[in-house]
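Novice: What follows is a predicted protein model with its sequence.
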2 protein chains.
Amino acid sequence: MNGTQRFTAAVEARLKEAIARLGYRSNPLARSMITGRTRAIGLAILDISNPHFTNLVKGANRVAIQHDYTLLLVDTEENPQREQTLIESLAQRVDGMIVSSRMPDDSVQWLLDLGKPVVLFGRGARFPVASVGTDSCLAGYMLANHLVKLGHRHIAYLGFGRSRWNDERIRGIRNCLDEYGLALDIHDAASPSAAGGERACSALVLGPKRPDAVICYNDLIALGFIKQARELGLQLPRDVSVAGFDNVPYGEYTAPALTTVDFQSEKMGELAMTKLLDQLHGNAETAASYSLLDPRLVVRESTVRREVAAGDAAAAGDARTRRHESRMPAAE
Amino acid sequence: MNGTQRFTAAVEARLKEAIARLGYRSNPLARSMITGRTRAIGLAILDISNPHFTNLVKGANRVAIQHDYTLLLVDTEENPQREQTLIESLAQRVDGMIVSSRMPDDSVQWLLDLGKPVVLFGRGARFPVASVGTDSCLAGYMLANHLVKLGHRHIAYLGFGRSRWNDERIRGIRNCLDEYGLALDIHDAASPSAAGGERACSALVLGPKRPDAVICYNDLIALGFIKQARELGLQLPRDVSVAGFDNVPYGEYTAPALTTVDFQSEKMGELAMTKLLDQLHGNAETAASYSLLDPRLVVRESTVRREVAAGDAAAAGDARTRRHESRMPAAE
DNA sequence: GTGAAAGCGCTAACAA
DNA sequence: TTGTTAGCGCTTTCAC
């Protein structure tokens, strides 16, 4: 027996000797079958190529190891069917699951019916699930506000419609632009990746009215956009300011370095794992709670003050004073 | 019973009904205990933040899914103890393991003793293990050759001593430089990451003799190096050409875009998984074989022709002719 | 403090 | 084609 029973030192030694001699190793499958516990946690992420998600993993892994759990990872590759298969397969081999998914709130039920504790991302208080997230609306407001203050007036959003946060980000941006009486030009990328940003770039930049500034759904799209805009002959950031969300590590190493909003991905991972372990160990307090992390604006080189022509400047000043005293609606 | 036995349609229907009514789901743990098969493959990688490894995962995952296997991932975080614990824990839950590790050849035995089929990376023919790798020596040669042809004479290598490929890369670089009678200045980064490159930069760049060109152990180090060199006031690539290994996706989005050697990481992952499944299904042919992938030079903007002063030019010409007809030693 | 026995949920082999 | 049984490697319980 392993750990449950105590013996006299003599017997214990003899036991240990036998174990070593036979090369015995306990079969965790059989053990798990009995105890119903695996000491493993499953984590499903949408895309392992996206540093945002690998940061989640880093955070979750740290906490798991601290508590002597093994973190098992699957990459669902933004594919809903694959996601369901993989999650079902994984869920039965672990004590609990952390899941990053685009499935709508009402499709989440089967996940809960798996009978394992679950932590999700960004499900808000509207759903009785443990969940951790950030204020995407506020983040959008921050970025828009930053750009407007730099003198930008024609702002575009290159979004990703399939994301559950896309609308929130738009809302935040609009909240800000509305204060200045500015319109928002909305575009959509086919995928939340650099390739998506590249492909969407020309439609924005070569379209009828080129924006002064582009806010992208995430940093990867922003990176792709920047590269493609360059190849189309634009001078960045002079011609167009670009910003993203997530603060992925590589945004720091590009030129121009990327302005973005830090969502504290790693801390999100930590928090999710902590929440799950709490649930596992019966601390029901945090069970179905929602933890919100603060977004932080990270200003780098990809957003710069717009050099305005004379006519433009007057219009800008006009707009700014017109609705000068409006409050920040996103800080609710 | 599930799949093993056939029944008449009537019984089958009644069975299905009962299954649905009871909400029965087979317990894969119990099943695996009996059959000894889990239909899962374990993959251990050194650092999930490194796109090289996430590409391995992408490749392996694709093949696994094709064959209806679940790929379970662990991140060992460049930590040997953690690695051993995680691998042992994972190995017993899966049918086979793919392991990316820095452990020396003679420490690999315990891994094989786990009793599961294993595929490793870059173990060569010298070890009776299934393994896939690339020719690091040739890759080093390619990069060095590229730089010499661009007129660089003072070439430095910013390596990572703990890697099992570091010496191979140095050998390849030296093979080339020797042909031109050039010396190689060797430095070492503390970690194979952008942070490692940043920290190591000043010692190289502010040292007694600044190199014309720096070859970094991998792209991440190169990215960090470039960023830091910029902050130290250097004009890149004019002042220093920089190159790396791996061809990580983000090297394309930096400025200057990174010259590198493509190791076909994704294909490596595919190949490793294919090899493992072959082993699992009894195709013993590939069992202990070693597959080598070809490195490919990817020239981008971070390496440029050196603008030589008059004296330098003469010396360079001299060196080039001196051992003009020597063969490529790395193509063995 | 130690050994024996029951049974977890399943599959495999066999009997009906 | 169907129902039954043994037993996988472990933990748990209980008698010794």
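Specialist: Done, it's in.

Novice: what are the phi and psi angles of the residue nearest to the spatial centre of chain A?
Specialist: For chain A, residue A:52 is the residue whose C-alpha lies nearest the centre (CA atoms, centre = their mean; 5.6 Å). Dihedral pair for residue A:52: phi -60, psi -40, per degrees, to the nearest 10.

Novice: Any regions of chain A where pLDDT drops low?
Specialist: By pLDDT under 70, the low-scoring segments of chain A are A:1-6, A:284-287, A:308-332.

Novice: do that again at 90, thanks
Specialist: Residue ranges of chain A with pLDDT under 90: A:1-28, A:33-34, A:36, A:106, A:113-115, A:124-128, A:207-209, A:255, A:281-289, A:307-332.

Novice: domain ranges for it?
Specialist: Using automatic domain parsing, the domain ranges for chain A come out as A:26-134+A:266-293, A:136-262+A:296-325.

Novice: possible to save the ones you listed as CSV with distance to residue B:64?
Specialist: For every residue, glycine as well, the C-beta is placed using N, CA and C. As requested, the domains of chain A are arranged in CSV below (distance: least, CB to CB, whole Å):
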stretch, distance to residue B:64
domain A:26-134+A:266-293, 10
domain A:136-262+A:296-325, 21
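
Novice: Of all those, which one comes closest to residue B:28?
Specialist: Among those, the nearest to residue B:28 by CB to CB is domain A:26-134+A:266-293 (4.9 Å).

Novice: which ones are touching residue A:228?
Specialist: By CB atoms under 8 Å, 6 or more residues apart in numbering or on different chains, residue A:228 lies in contact with A:197, A:198, A:199, A:201, A:202.

Novice: Just the element for it, please.
Specialist: helix A:219-231 (DSSP states H and E).

Novice: List the buried residues of that helix.
Specialist: A:219, A:220, A:221, A:222, A:223, A:224, A:225, A:226, A:227, A:228, A:229, A:230 (16 or more other CB atoms under 10 Å in any protein chain shown).

Novice: picking that back up, please indicate which of the contacts of residue A:228 are buried?
Specialist: Neighbour-count burial (16+ other CB under 10 Å) is assigned, among those, to A:197, A:198, A:199, A:201.

Novice: do the helix or strand containing the third one and chain B meet at all?
Specialist: Assigning secondary structure by DSSP H and E places residue A:199 in helix A:194-205. Yes. Using CB under 8 Å from any CB of the partner chain, a contact is recorded between helix A:194-205 and chain B, made by residue A:194.

Novice: Tell me which other helices or strands the helix or strand following that helix touches.
Specialist: Toward the C-terminus, helix A:194-205 is succeeded by strand A:213-216 as the next helix or strand (DSSP H and E). Under the contact criterion of 3 or more CB pairs under 8 Å, 6 or more residues apart in numbering or on different chains; DSSP states H and E, strand A:213-216 touches helix A:136-149, strand A:155-159, helix A:219-231, strand A:241-246.

Novice: Same list (those) but as CSV, adding distance to residue B:21.
Specialist: Shown next, in CSV, are the helices and strands packed on strand A:213-216 (distance: least, CB to CB, whole Å):
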stretch, distance to residue B:21
helix A:136-149, 42
strand A:155-159, 44
helix A:219-231, 46
strand A:241-246, 45
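
Novice: now the closest residue to residue A:142 other than its chain neighbours, what's its secondary structure?
Specialist: Leaving aside its sequence neighbours, residue A:142 sits nearest to residue A:297 (CB to CB, 6 or more residues apart in numbering or on different chains; 4.7 Å). Of the three states, residue A:297 takes strand according to DSSP: H, G, I helix; E, B strand; the rest coil.

Novice: wait, isn't residue A:297 in contact with residue A:143?
Specialist: Yes. The criterion here is CB atoms under 8 Å, and residue A:297 meets it with residue A:143 at 7.1 Å.

Novice: okay, these two: which has more neighbours?
Specialist: Legend: neighbour count by other CB atoms under 10 Å in any protein chain shown for residue A:297 and residue A:143, higher for residue A:143 (29 against 16).

Novice: Any idea how many residues pack against residue A:294?
Specialist: A count of neighbours around residue A:294, defined by other CB under 10 Å, yields 12.

Novice: from the stretch 151-300 of chain A, which residue is nearest to DNA strand C?
Specialist: residue A:280 (19.3 Å; CB to the nearest atom of the strand).

Novice: pretty sure that residue contacts residue A:96?
Specialist: Yes. Between residue A:280 and residue A:96 there is a contact under CB under 8 Å: 5.6 Å.

Novice: quick one: secondary structure of the residue lying farthest from the centre of chain A?
Specialist: Going by CA atoms, centre = their mean, the residue of chain A most distant from its centre is residue A:10, 54.7 Å out. Recorded secondary structure, residue A:10: helix (three-state DSSP).

Novice: what does residue A:250 give?
Specialist: helix.

Novice: which residue sits closest to it, ignoring its sequence neighbours?
Specialist: residue B:250 (4.4 Å).

Novice: which residues sit in contact with that neighbour?
Specialist: Residue B:250 makes contacts with A:223, A:250, A:253, A:254, B:51, B:219, B:223, as judged by CB under 8 Å, 6+ apart.

Novice: what does residue A:95 give?
Specialist: By CB under 8 Å, 6+ apart, the contact list for residue A:95 reads A:37, A:38, A:39, A:40, A:41, A:69, A:116, A:117, A:280.

Novice: Now which of these would you call buried?
Specialist: By neighbour count, with 16+ other CB under 10 Å, the contacts of residue A:95 hold A:38, A:39, A:40, A:41, A:69, A:116, A:117, A:280 as buried.

Novice: any shared contact partners between residue A:280 and residue A:96?
Specialist: Here residue A:280 and residue A:96 share the contacting residues residue A:117, scored by CB under 8 Å, 6+ apart.
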